[in-house]
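Build me a structure from this.
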Amino acid sequence: MIDQQTQEVERKVIAILRALSQSSEPLGARVISHHLKDYGIELSERAVRYHLKLMDERGFTQRMGRDGRLIKQSGLEELESALVSDKVGFVSSKIELLAYQTDFDIGNHQGNVPVNISFFPEKQFKKAIEAMRGAFRAGICVGELVAVARQGERLGEVVVPQGKVGLATVCGIIVNGALLKAGVPMDSKFGGILQIKNHNPLRFVELVQYSGSSLDPSEIFITSKMTSVGQAAREGNGRILANFREIPALCQPTAAKVIADLKQAGLGGLIIIGEVSRPVCEVPVEVNKVGVILIGGLNPVAAAVESGIEVENHAMSAIMEYQNLIKFWEL
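Predicted coordinates for the structure are as follows:
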């Protein structure tokens, strides 16, 4: 019984640390309590303050007056080595949560859409835009809508750190969210590296299953410099970020229409919809299912990294109002 209680306390501590790690500003108990609901944890402000006091004593957090707490390096290290059972499948849960929070109305072009957020050094942002231009022009992106914010400004609920420029790119989960609203269930299988040959998708050469991962596959592949998005944009041959999903075969016509409507709203992302129970890009598909391959939203950012620009990525990190996005070409 004591072990179960200890584990439950640790789960709450990790959730609080996770919330603090996603903010560059101090967070108070009320805001933290709100964030914890995303992880299925109900804690009152008073209970959060109690846990924060214990975390201060353990050296995980630092009190910043009335503004709240900041996470310390020891807290980041504790988060990194968190309970394995708490981390496995975290990406899958995050996808489901963002899909649910996506309430974009295709007909009225209003509502929230999921975004990835990337931080660039302010002095390199102009160079980054040039490096990303080819990927947007070639359509190796989830539509051409973006948002930009300078230090101290917000992208969704994320504050841009000092000396950085933040760029929000639309996340492929927009497809999950739109299909969910249309009554089409989508099973997110894995993120991977898709080989492009003569401008056409050939096969996946690397993959990471969402159900067993605590990190977004796109972030892993970009950091490991496993992409060649710039080459794919220029020559039609290269390796890009892509995601593999499955939908029930009966839902294929509805899914095709929803995805076409998204494209009209400037929110693309589809590479291919397969045939019933047939492999797609050499990936086997379950019986009575249809394989769907979506472009990774961080492909333009991957092109910037390929050109030698330092980028800090936070995939699937926020939702933003569609009306606050602008076309990349307006930057």
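
Show me what the longest helix seen in the chain is packed up against.
Looking only at the chain and at elements set by DSSP state H, the helix with the highest residue count is helix 2-21. Contact analysis of helix 2-21 by 3 or more CB pairs under 8 Å, 6 or more residues apart in numbering; DSSP states H and E lists helix 29-36, helix 45-57, strand 69-71, helix 73-80 as its packing neighbours. For every residue, glycine as well, the C-beta is placed using N, CA and C.

so what secondary structure elements neighbour the host helix or strand of Arg239?
The secondary structure element spanning Arg239 is strand 238-248 (assigned by DSSP states H and E). Using 3+ CB pairs under 8 Å, 6+ apart as the contact criterion, the elements in contact with strand 238-248 are helix 173-181, strand 187-197, strand 200-209, helix 217-223, helix 229-235, strand 289-295, helix 299-306.

Name the stretch among those that sits most buried.
Each of the helices and strands packed on strand 238-248 was given a mean neighbour count from mean count of other CB atoms under 10 Å, and the largest, a mean of 27, is that of helix 299-306.

now the helix or strand following that one and helix 173-181, what's the angle there?
Using DSSP H and E, the helix or strand that follows helix 299-306 towards the C-terminus is strand 312-321. Using axes from the mean of the first three to the mean of the last three CA atoms, to 10 degrees, the interaxial angle of strand 312-321 with respect to helix 173-181 works out to 40 degrees.

ok, how many other residues are close to Asn324?
Using other CB atoms under 10 Å, Asn324 is surrounded by 13 other residues.

quick thing: my sequence starts at 628, can you match it?
Yep, numbering from 628; the last one is Asn951 now.

thinking again about what came up before, out of the helices and strands packed on strand 865-875, which comes closest to Ala942?
Taking CB to CB as the criterion, helix 844-850 is the member of the helices and strands packed on strand 865-875 that comes nearest to Ala942, at 5.2 Å.

Give me the distance from that closest one to the chain's centre.
In terms of CA atoms, centre = their mean, to the nearest Å, the gap separating the centre of helix 844-850 from the centre of its chain is 11 Å.

Counting by contacts, list what it packs against.
When contacts are defined as 3+ CB pairs under 8 Å, 6+ apart, helix 844-850 packs onto strand 814-824, strand 827-836, strand 865-875, helix 926-933, strand 939-948.

and the second one, what's its mean pLDDT?
The predicted model gives strand 827-836 an average pLDDT of 94.

Need the contact partners of that strand.
The set of residues external to strand 827-836 that reach it, using CB atoms under 8 Å, 6 or more residues apart in numbering, is 816-823, 844, 847-848, 853, 866, 869, 871, 898-899, 908-910, 920.

Next, the angle strand 814-824 makes with that strand.
Angle of strand 827-836 versus strand 814-824, following the same axes, to 10 degrees, is 140 degrees.

Could you do the last one as well?
Interaxial angle of strand 939-948 relative to strand 814-824 (the same axes, to 10 degrees): 120 degrees.
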